[in-house]
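J.: A structural model of the following input is requested.
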Amino acid sequence: MGGYRRYRFPSWVRKCIFIVERALLPIIVFQTIRTILFPTSLDVFVLGVLVGILIVFHLEVI
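T.: Next up, the predicted model:
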């Protein structure tokens, strides 16, 4: 249902969405390792935001 919404965007926006979608998992892995080694409240917050964005992409809301 929501998967077709991203094709209504202009082509440059779709390219940016695809790039962010592909780059998000390595960033989350790095942030998880950083949060485990040096836990701060900012790191946990950033990790939560990144995981939330990943879930939004996985459910194809955007």
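J.: List the buried residues in the longest helix along the chain.
T.: Longest helix in the chain, counting residues (DSSP state H): helix 11-37. Counting neighbours by 16 or more other CB atoms under 10 Å, one finds that the buried residues in helix 11-37 are 21, 24, 28, 31, 35. Every residue, glycine included, has its C-beta placed from N, CA and C.
J.: pLDDT for those - can I get that in CSV?
T.: As requested, the buried residues of helix 11-37 are exported to CSV (pLDDT from 0 to 100):
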residue, pLDDT
Glu21, 88
Leu24, 93
Ile28, 94
Gln31, 94
Thr35, 92
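J.: In TSV, list the residues you listed along with distance to His58.
T.: As requested, these are arranged in TSV below (distance: CB to CB, whole Å):
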residue	distance to His58
Glu21	9
Leu24	10
Ile28	12
Gln31	17
Thr35	20
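J.: ok, Ser11 - contacts?
T.: Ser11 makes no contacts at all, as judged by CB atoms under 8 Å, 6 or more residues apart in numbering.
J.: Revised request: answer the last question for Thr35.
T.: Neighbour list for Thr35: 43-44, 47 [criterion: CB under 8 Å, 6+ apart].
J.: Apply 6 Å and report the result again.
T.: Residues in contact with Thr35 (CB atoms under 6 Å, 6 or more residues apart in numbering) are 43, 47.
J.: Low-confidence ranges, this structure, go.
T.: By pLDDT under 70, the low-scoring segments of the chain are 1-4, 6, 62.
J.: give me that answer again for 80
T.: Scanning the chain for pLDDT under 80 picks out 1-7, 60-62.
J.: I would like the residues contacting stretch 20-32, please.
T.: Applying CB under 6 Å, 6+ apart, the contact partners of stretch 20-32 are 47, 50, 54, 57.
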